[in-house]
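>>> Sequence below, structure please.
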Amino acid sequence: MATTQVQAATKYWSGGKSPFNVEYGKLMMWYFLMSDAFTFGAFLISYGTTRFATNGWPNPNHVFNAFPGLHGNLPLLFVSLMTFILILSSVTMVLAVHEGHNLNKKGVAKYLIWTIIGGLAFLSCQAWEWTHLYNEGAWWGRNPFPNADGTTSTTNFTNFFFTITGFHGFHVFSGVVINIIMLIMTLQNKFEERGHYLMIEKAGLYWHFVDLVWVFVFTCFYLV
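This next block holds a predicted model:
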C-alpha cells in the first residue's frame, strides 16, 4: 500500500497527471479561495464606491504615520514593514512547498516554522496598529481624523478600515493555525507515511491568497 502511494506521489510531482485532472483536495481549495475572493472583492468594491462618492477623505499619510519606539512623522513606514514581513513569509511558504516536492521532512518543518513566525509577527504588528489607532480615538463608529481638506470626516473611513483589515487579519490567524497543524503533522511523520506532502501545497495556496489580498488592502487604505 505504501509503495503504491509513493509511486502515485512521484507520478504527481513529476507532472504525470494531466493539468485538467487536478487532485480533488487541491481543486476544492481553489473553489474555496474563489468564493473567498468574491467576499473580499465585495468589501473592497463597497469601500471604493463609498470612498470616491465622498467629497472628503482622511489623508493616509497623516493617519498611518506612527512607528513603535520612534518619534516624528513617519508616514506608511510601519505598514511597509508589515507588508515586507508578510511577503517574506510567502517566500518561506514557497520554500516549504519546494521541500515537500523533494520529500524533505526537515526542510518542510524549518520553512513552516519561519512562515508561522512571519504570520505571528504580522498579527503582532496589526495588533499594535489597532491599539495605537484606538488610543487616538478611532474605532467602529468613531473617526477622529479630519478630511484632507480640513473638513469633518464621517465614520465610513474607520468602519471600513477595521472591518476589512480585521477580516484579513482573521484569515492570517487562520493561516497560522493551519500551518501549525501542518507542522505538527510533519513532525509526526504523517506525510512521510502517505508518501507525499500534498497538504503542504494546499496550505501554501491559502497562505499565498492571504498575502495577495493584503496587496489590495494595502493599496486601498494606505496608498489611495
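>>> in the chain, which spans are helices?
For the chain, helices defined by DSSP state H occupy the ranges 2-13, 24-52, 60-63, 77-101, 105-135, 156-187, 190-194, 198-218.
>>> Point out the one among those that comes closest to Asp149.
Closest to Asp149 of the helices of the chain is helix 60-63 (Cβ to Cβ; 12.1 Å). In short, each C-beta sits where N, CA and C put it, glycine included.
>>> Check which residues of that closest one are buried.
Using 16 or more other Cβ atoms under 10 Å as the test for burial, helix 60-63 gives Pro60, Val63.
>>> try stretch 163-174
Ile164, Thr165, His168, Gly169, His171, Val172, Phe173.
>>> Closest to Leu95 out of those?
Leu95 has its nearest neighbour among the buried residues of stretch 163-174 in Val172, at 18.9 Å by Cβ to Cβ.
>>> isn't that closest one right up against Cys125?
No: in this structure, Val172 is not within contact of Cys125 by Cβ atoms under 8 Å, at 10.5 Å.
>>> Give the burial count for Glu201, as a bare number.
Glu201 has 20 neighbouring residues, counting by other Cβ atoms under 10 Å.
>>> re earlier: would you list the helices of the chain in JSON lines and tack on distance to Asn143?
As requested, the helices of the chain are exported to JSON lines (distance: least, Cβ to Cβ, whole Å):
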{"stretch": "helix 2-13", "distance to Asn143": "52"}
{"stretch": "helix 24-52", "distance to Asn143": "13"}
{"stretch": "helix 60-63", "distance to Asn143": "10"}
{"stretch": "helix 77-101", "distance to Asn143": "18"}
{"stretch": "helix 105-135", "distance to Asn143": "10"}
{"stretch": "helix 156-187", "distance to Asn143": "4"}
{"stretch": "helix 190-194", "distance to Asn143": "48"}
{"stretch": "helix 198-218", "distance to Asn143": "18"}
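>>> And the ones you listed: which comes nearest Gly141?
Closest approach to Gly141 among these (Cβ to Cβ): helix 156-187, 7.1 Å.
>>> list the helices and strands that closest one packs on?
Using 3 or more Cβ pairs under 8 Å, 6 or more residues apart in numbering; DSSP states H and E, the elements in contact with helix 156-187 are helix 24-52, helix 105-135, helix 198-218.
>>> Return the angle between stretch directions for that helix and helix 24-52.
If you take axes from the mean of the first three to the mean of the last three Cα atoms, to 10 degrees, helix 156-187 sits at 160 degrees to helix 24-52.
>>> average pLDDT across helix 156-187?
For helix 156-187, the mean pLDDT works out to 97.
>>> what do you get for stretch 207-215?
The pLDDT scores in stretch 207-215 average 96.
>>> now stretch 80-95
Stretch 80-95 comes out with an average pLDDT of 97.
>>> so how far is it from its chain's centroid?
Relative to its chain's centre, stretch 80-95 lies at 9 Å (Cα atoms, centre = their mean, to the nearest Å).
>>> what residues are up against Ile180?
By Cβ atoms under 8 Å, 6 or more residues apart in numbering, the contact set of Ile180 is Ile116.
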